[in-house]
Every structure is written in C-alpha cells, then in structure tokens.
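Colleague: Next one to model:
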Amino acid sequence: MRIIISLFLLSFLTACQLIETKANTQYLTVLHTNDNHGRFWHNENGEYGMAARKTLIDQLRDKAEAKGHSVILLSGGDINTGVPESDLQVAEPDFKGMSIIGYDAMAIGNHEFDNPLSVLDKQIAWSNFPILSANIIDKTTNQPAYQSYAIIEKNELKIAVIGLTTVDTAKIANPEYIGHLNFITPAAAAQPLAGKIKDKYKPDVVLAVTHMGHYHDAKHGINAPGDVTLARSLKPNTLDMIIGGHSQEPICVDKDGNPDATFSPGKACWPDQQNGTWIMQAHEWGKYVGKAVFKIEKGNKTLLSYELVPVNLKNAKGNFITTEIAKDQELYEFLLPYQQKGSEKLSGAVGNIDAFLDGRRDIVRFEQSKLADLIINAQAEAVGADFGIISGGGIRASIKAGDINYKDILKVHPFKNRVAYIDWQGPELLEYLAIVGSFPPDAGAYLQYHNIDFEINNSKAVIRSINGKKFDINGTYRMSINSYNAAGGDGYPILTEKKNFQITDSTDAQVLRAYIEKHSPIKVENL
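Modeller: Sure thing, here's the model as predicted:
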C-alpha cells in the first residue's frame, strides 16, 4: 500500500513539474516569408524557388522541433503577380505549393486583388491554411469581408494570429474589384480584436501577419502608415510581434535601431522593435526565410536569435553565398507541369529592340522613362490617341536589349488592364493634368507621359504642345490611358463615368505585343 501511495505521489509531483515547465519556459521558432509575387519556380540563375524553400524550411523545422521548440510558418502576403508563368495560372502553383510546404497563415496583400474576387475565392480554397485580414470591411454588412484571425496550437502553445492589410489597397488595387470594400485603419481593427481574443482564448502569443510595409521611424512618406505606426499606435503588450510584407525589404537594424547599412545576404540581421513589438520582414520572392527564436517564460517573450537565411542566393561572381540547398523532389515534380505549361504559352520572340529599357521602380517612379514611352506609343497607336499617360507603378519590369518574347511583355504588364481613351476639351485637360501631374516621385502614382509637353506652375498645368503641335485651348485631344488609372487606381481622377470615355477589349500586354511585332526592330532613340 505504501508503495502504491509513493508511486502515486511521485506521479503527481512529476505531473506538477511538467505543468510548471510548460507554464514557465517554452520556446517558439517563427519562420516567415513575404511578397512571393509568383516566384514558385527558381529563376534562370537557380536562385530561390519553392522547391528549395521547402527543403530549407523542413530542415529548420526539424532542428527546432528536435530541441523541443514549437514552430510556426507565416507569410506577409502578396502571393500574386510578378512572373508570367504564375500570372497565367492565377498563382495556382504558388498557393498549392505553400500548402505543401506547410504554411500556417498569411496576410492578404494588395496584389491578392489584382484579379476578380472569384479568383481570390479559388486561391483561398486551394490553401490549407487561413488567409487573413481584419481591416477589410464589407460595406454592405459592415463586417470583415475575410477571416480576421486564427488560433493556432503548436504543442503546448496557443498562438493568436491577426491579419492586416495596407489601406493603400483602396487606391492601388483594381477599383473594379474592391468598390464594395472598406480598408479601415489597421490599429482600429487590431486593438479591440486583440482584446477579445485574449479574453476568449487566453493565448500564449499574439502576433499579426501584415501587408503594410515597414518604414523606419514611421517615416512612411506618401505611403499609407505601416508596421512601425501600427506598433506605436497600439497599447503596450497588444502584439508580441509583427510578421510583415509590402515594402519588400530585409528589416535589419543596428544597435541604435537605425537601418543596418552593412547587411547583405549571409550576414547577421536583427529585427526592429517598437513599443515592445518585434517587427520582421524577409525581403521578397522567397529569397530568404526569416527565423526568429523566442523564449517564453512566465508570460515574457525574449528574442534569443534572429537570422535571414538565404535561399540559394548568389554573389556577383555567380557563386552560391551559402551551400546550395537541394530542391525538394516531391514539390519540384508537383510544380514542374505548371512551369512547363506556362513556358509553352510564352516561348518565341515577338520582336527586337536595340537597347535596354529600364523598368526598375527607382526609375519609373522617379523620372520619365523610355520604357513608358514605348508603352504609351503602343496604347496611343491602338486607340488613335494624340498622347498618352500611365502611372509609374503600372510598369513592373525592364526589357533587355535583343529579342523580346511574350514573357518579357507580361513581366512589364502583369495586371491585365485594358486599354482605354478619352477625348478632352482643352480646359478639362488642363484641370486633369494639374492633378495627375502633381503626384510626387517615389509613388506608384508618379505620372509617365508621352507626346505632350507640359509643366505644373503654381498648381496649374501649362501645356506647350501635344503630338508636336502647339496646344490650342479650343482644341479636342484624345488621351490613351489604362482601365486601372481610368477607374481611379493610384488615386487618379475617375474617368469611367465621363461621356467621352471609351474602353477597349484589348489588354495592355496584348497591345504592347502587337506594337512590338509591327515595329521591330525598334530603336530606343526614336521612341
């Protein structure tokens, strides 16, 4: 009898010790990526790609779990748009690939609205993980339009994940698809929701997956406020961490909290911390997997280590920065048919150009661009316009000198915007240009224009000539524009309701392809 009682007491004490261990010390490894933008396949240099990413994540997960850590894998959103092979298949390989890799949750990004909402519904159905946003509100019901949060249990840990999306989506997403949605201030959604979650579920960790951007010291400029503003706006201890995206940067700070100018792939990185909340982002395209290790003890979360692990990135000499990561064979074979199908649709040159056309965002959002001239020439010719415009943010890639294939064109124009036009009377055109010509550099709205010579003077437009002829205030002028900007995208004035506005069935990519086919070989100096 004494033996039985002793064994009972021993079991009881052991159980108490286990309970105490659970309550006092636990470890959580957080893995994260963001801004996939169609990069399910490795690039032409063998860098990144989902198959190698899976191998790396499996290794990181296995090592963490062998140490007794709980592991969660998160994404900061923007899975859509960027690579034609993915775009032509509305990111099916990307979402299904993420499901195979084992993502636990992701934020809805602004590019999740590049297609009709029926496509987003499909993408949600393809995913075996929750796709979240708490601040996208249906105007009709005044309720969240998508799942706001998820409670994820990992071993002994209960983790609450709240999704948040940049309010800039209201102006940079296609207005045709989001007119029934409100994008409310993220903090206004997150603060009460976090309180309700804590009261109901008593989670060990509360974090946000966001697609809002990280702007050091909250200096967001013309962009909507991002993760730093969110962290500072919330009551202390509302969020333990923010796993972000949108600004497409590796968030690394020095000991003073300033951007770490010394960071490069393979070097040390330390995330930002604001108001007690850690903020992390892993650049873009699956180039890195972020890895944070937390110790959780008596409710306190201590970041023990952090790194951005490169996924087969190469240096300037073409050598892998770290040991090459093998591609996961099962995922590789799953994705291969998607890559082959996309490639078949894109093969073959459609024309030729004699010089490089720079479509990088630090060019097309800051200065007038020869690539924009090519695009506008194509659209103006298609609709018989005297001149044309396009926002710099609508240009998404460069075009190399030499042969051009349809894939090159779809990289520049991934959004399937239709080409449109409007016939302006002189005074109306001056009013319109005074608005769109005033958008500042470093904005997606920055105006690219061609075949019109004008300037903004004291907030008024002064037109000198159109299509090589002196401007006549009493004249009528046709302007080409894409359907996105015409519908109010990037904050442009809405033109779709004006009587002189017309939209065609041709997309910007189709029109650019036809122009290149017709005019090749193209000389850049003549654009």
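
Colleague: What pLDDT is listed against the nearest residue to S148 once chain neighbours are set aside?
Modeller: In space, S148 comes closest to A134 once its chain neighbours are excluded; the distance is 3.7 Å by CB to CB, 6 or more residues apart in numbering. From N, CA and C alone the C-beta is placed, and that goes for glycine too. What the model reports as pLDDT for A134 is 98.

Colleague: residue ranges with poor pLDDT in the stretch 251-400 of the chain?
Modeller: The model of the stretch 251-400 of the chain has no residue with pLDDT under 70.

Colleague: ok, which stretches of it are helices?
Modeller: 329-346, 361-364, 370-383 (DSSP state H, counting those that start in this stretch).

Colleague: any chance of these in JSON lines, with distance to G299 and mean neighbour count too?
Modeller: Shown next, in JSON lines, are the helices of the stretch 251-400 of the chain (distance: least, CB to CB, whole Å; neighbours: other CB atoms under 10 Å):
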{"stretch": "helix 329-346", "distance to G299": "38", "mean neighbour count": "15"}
{"stretch": "helix 361-364", "distance to G299": "42", "mean neighbour count": "18"}
{"stretch": "helix 370-383", "distance to G299": "54", "mean neighbour count": "23"}
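
Colleague: who touches the residue sitting nearest the centre point of the chain in this structure?
Modeller: Residue closest to the average C-alpha location in the chain (CA atoms, centre = their mean): D78, at 3.6 Å. Counting by CB atoms under 8 Å, 6 or more residues apart in numbering, D78 touches 34-37, 109-112, 211, 245-246.

Colleague: wait, which of the helices of the stretch 251-400 of the chain is closest to Q273?
Modeller: In terms of CB to CB, the element of these nearest to Q273 is helix 361-364, at 27.8 Å.

Colleague: From the chain's centroid, how far away is the closest one?
Modeller: Using CA atoms, centre = their mean, to the nearest Å, the mean C-alpha position of helix 361-364 is found 17 Å from that of the whole chain.

Colleague: Other residues contacting that helix?
Modeller: 358, 369, 371-372, 392-393, 395, 446, 448.

Colleague: re earlier: reformat the helices of the stretch 251-400 of the chain as JSON lines; add distance to L88.
Modeller: Formatted as JSON lines, the helices of the stretch 251-400 of the chain follow (distance: least, CB to CB, whole Å):
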{"stretch": "helix 329-346", "distance to L88": "5"}
{"stretch": "helix 361-364", "distance to L88": "23"}
{"stretch": "helix 370-383", "distance to L88": "20"}
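
Colleague: Surely L512 is within a helix?
Modeller: Yes - assessed by DSSP: H, G, I helix; E, B strand; the rest coil, L512 belongs to a helix.

Colleague: How about it: what's its closest non-neighbour residue?
Modeller: A378 (4.7 Å).

Colleague: Roughly how far does that neighbour sit from G49?
Modeller: Look at A378 and G49: by CB to CB, to the nearest Å, they are 32 Å apart.

Colleague: Can you show me the strands along the stretch 1-150 of the chain?
Modeller: 26-33, 70-75, 105-107, 131-132, 136-138, 143-144, 149-154 (DSSP state E, counting those that start in this stretch).

Colleague: Domain boundaries for the chain, per the record?
Modeller: Residue ranges for the domains of the chain, per automatic domain parsing: 23-341, 348-526.

Colleague: Tell me which entries of the contacts of helix 361-364 lie within strands.
Modeller: Judged by DSSP state E, these include Q448 as members of strands.

Colleague: For E65, the count of nearby residues, please.
Modeller: 14 (other CB atoms under 10 Å).
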